[in-house]
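A.B. asks: all I have is the shape, not the residue letters:
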């Protein structure tokens, strides 16, 4: 039995509020599946599970605020592990001595006919046999008629494999009158629907596999003209529907704590350079003229890709200062500062940014910014950044010197691309330029390393076709 705990979603997070469970007890879950919505001081985030198995008993009710590391629910792991998630119980040492004679296990009596719903059990020679609520849940999700199945398990029990085989064959075997599987509904969404008098069959789900979430129900209720006034909602429900309004003061406090710590503990040094953007802007305009509107790129895509590739070339700035030493990051994961409509900011992560093609990076950036501003980020998207980038060019700012986000050791800033007098080969003209800045932790690097980084950014931008 594993434990799903309140995760740490940033260096400044000490506690979080469980807003909503996205899966019910008994539901199968895979590693990486979102299982809960957690509210931090900065945002409302979908948190993934890092084990595969079956959702067990919840330990914390929605609306409860608990410290990081607090167990939120139990998970019945596929491998049958015990204790903390992913940690197996040590095998018990057997007493040494001559081996005992092997005992013959008596034959098990035939299983009596059961009139109640079967439960999960251990069958000799067959490992863990899934039965009961889990099997019914799988059958319902896959539109499989249990009564029509012949189980391959002990005593004719229906197993997970039987359900999967039947579900795979369903598109060809199912008749036109067969019942379609019901839409998944989160537990909080069911309660919210009952409170607001919303018919779930009329609600379109926006969760994974079109699952109906609490916010979908709230949106549907708001769209019903003349609907009766709903009863008072719980604190968690109010927070889920108005994250920006309710979280703004908490977010400012969290930012204040982190920035105070950064200015107190991190000895910053600052560098800047001005980059001629004529070549990359010409390349960008030419590509955009030949591309559909949905595939056109912004200068930010080129700047981010250059920042990521330069981090790959100068790894001393891509990592963390912990335990009085520098640890290089595994991959280049850019945290991109995003201003939120209700005030404050958050820095979702573009993972493996140096490996993404520029169009893919642009698409990922749009998606992250959109979901950051609507409170739809996942836990893996707000932690693990190895370097943060802030771009205030769209706000009209020409130069930005940021504060390093500990335990990271550097922050890159991009300003607005502006036309300036610029000399090329002794001739003066007007060319587009951008100011690139670097704020870095002097404990990890010196100015010479930072200068190499900015030089690499400049060189990479002069060859946009290779980004």
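C.D. replies: Great, that's in hand. Model, not experiment: these values are computed from the prediction.
A.B. asks: C-alpha only now, for contacts and for neighbours.
C.D. replies: OK.
A.B. asks: report the buried residues of stretch 311-327.
C.D. replies: For stretch 311-327, burial by neighbour count (16 or more other Cα atoms under 10 Å) applies to 311, 312, 314, 315, 316, 317, 318, 319, 320, 321, 326, 327.
A.B. asks: contacting residues for the fourth one?
C.D. replies: Under the criterion of Cα atoms under 8 Å, 6 or more residues apart in numbering, the contact list for residue 315 reads 328, 329.
A.B. asks: measure it to residue 331 for me?
C.D. replies: 10 Å (Cα to Cα, to the nearest Å).
A.B. asks: repeat that for the third one.
C.D. replies: Computed as Cα to Cα, the residue 314 to residue 331 distance reads 12 Å.
A.B. asks: neighbours of residue 407, how many?
C.D. replies: Neighbours of residue 407 under the rule other Cα atoms under 10 Å: 20.
A.B. asks: let me redo that: residue 396
C.D. replies: With other Cα under 10 Å as criterion, residue 396 counts 11.
A.B. asks: right, and it touches residue 416 too?
C.D. replies: Yes - assessed by Cα atoms under 8 Å, residue 396 is found in contact with residue 416 at 6.0 Å.
A.B. asks: tell me where the stretch 1-150 of the chain has strands.
C.D. replies: Along the stretch 1-150 of the chain, counting by DSSP state E, counting those that start in this stretch, strands occupy 2-5, 15-21, 28-29, 34-39, 44-48, 53-58, 65-67, 71-77, 121-123, 127-129.
A.B. asks: these: which one's closest to residue 356?
C.D. replies: Of all the strands of the stretch 1-150 of the chain, strand 44-48 sits nearest to residue 356, with 23.2 Å by Cα to Cα.
A.B. asks: ok, and what's touching the closest one?
C.D. replies: 7, 31-39, 240, 243, 375-380.
A.B. asks: cutoff 10 Å now
C.D. replies: 4, 6-7, 9, 16-22, 29-39, 239-240, 242-244, 247, 371-382 (Cα atoms under 10 Å, 6 or more residues apart in numbering).
A.B. asks: what subset of these is buried?
C.D. replies: Using 16+ other Cα under 10 Å, the buried members of the contacts of strand 44-48 are 4, 6-7, 9, 16-22, 29-30, 33-39, 239-240, 242-244, 247, 372-382.
A.B. asks: quick one on the thing from earlier: among the buried residues of stretch 311-327, show me the least confident.
C.D. replies: Across the buried residues of stretch 311-327, the smallest pLDDT goes to residue 312, namely 93.
A.B. asks: so that residue touches residue 386, yeah?
C.D. replies: No - using Cα atoms under 10 Å, residue 312 makes no contact with residue 386, being 11.0 Å away.
A.B. asks: what is in contact with those two at once?
C.D. replies: 318, 329, 331, 332.
A.B. asks: can you give me the distance of the first one to residue 388?
C.D. replies: With distances defined as Cα to Cα, the gap from residue 318 to residue 388 amounts to 9 Å.
A.B. asks: shared neighbours of the two, which are they?
C.D. replies: With Cα under 10 Å, 6+ apart, residue 318 and residue 388 have common neighbours 333, 334, 408, 409, 410, 411.
A.B. asks: ok, now which ones touch the nearest residue to residue 15 once chain neighbours are set aside?
C.D. replies: Spatial nearest neighbour of residue 15, excluding adjacent residues (Cα to Cα, 6 or more residues apart in numbering): residue 67 at 4.0 Å. Residue 67 is in contact with 5, 6, 7, 8, 13, 14, 15, 16, 17, counting by Cα under 10 Å, 6+ apart.
A.B. asks: coming back round to it: what touches both of residue 315 and residue 331?
C.D. replies: residue 386.
A.B. asks: residue 220 versus the residue lying closest to residue 213 once chain neighbours are set aside, what's the distance?
C.D. replies: Setting aside the residues directly before and after it, residue 213 is nearest to residue 189 in space (Cα to Cα, 6+ apart), at 5.2 Å. For residue 189, the distance to residue 220 equals 11 Å [Cα to Cα].
A.B. asks: the more surrounded of the two?
C.D. replies: Legend: neighbour count by other Cα under 10 Å for residue 189 and residue 220, higher for residue 189 (25 against 18).
A.B. asks: sorry, back to before: helices - which of the buried residues of stretch 311-327 land there?
C.D. replies: 311, 312 (DSSP state H).
A.B. asks: tell me the contacts of residue 305?
C.D. replies: For residue 305, the contacting residues are 311, 334, 353-358, 361-362, 457, 460-461, 464, 467, by Cα under 10 Å, 6+ apart.
A.B. asks: try residue 462
C.D. replies: 275, 276, 277, 278, 279, 280, 281, 283, 306.
A.B. asks: residue 344 touches residue 42, doesn't it?
C.D. replies: Yes - the criterion here is Cα under 10 Å, and residue 344 meets it with residue 42 at 7.7 Å.
A.B. asks: other SSEs contacting the biggest helix by length in the chain?
C.D. replies: Assignment by DSSP H gives helix 243-265 as the longest helix of the chain. Packing partners of helix 243-265 (3 or more Cα pairs under 10 Å, 6 or more residues apart in numbering; DSSP states H and E): strand 44-48, helix 235-241, strand 345-346.
A.B. asks: check the ones you listed for me: which has the lowest mean pLDDT.
C.D. replies: Across the helices and strands packed on helix 243-265, helix 235-241 has the smallest mean pLDDT, namely a mean of 38.
A.B. asks: need phi/psi at the residue sitting nearest the centre point of the chain.
C.D. replies: With distances taken as Cα atoms, centre = their mean, the residue of the chain nearest its centroid is residue 378 (2.5 Å). Residue 378 adopts backbone torsions of phi -100, psi 160, taken as degrees, to the nearest 10.
A.B. asks: OK, contacts around it?
C.D. replies: If you count contacts by Cα under 10 Å, 6+ apart, then residue 378 has 9, 32-34, 36-38, 44-48, 348, 368, 371-372 around it.
A.B. asks: circling back: give me the PyMOL select line for the contacts of residue 305, limited to the buried ones.
C.D. replies: One line in PyMOL is enough to select the buried members of these, burial here meaning 16+ other Cα under 10 Å:
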select buried, resi 311+334+353+354+355+356+358+361+362+457+460+461+464+467
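A.B. asks: domain map for this structure?
C.D. replies: 2-77, 121-173, 187-241, 259-466 (automatic domain parsing).
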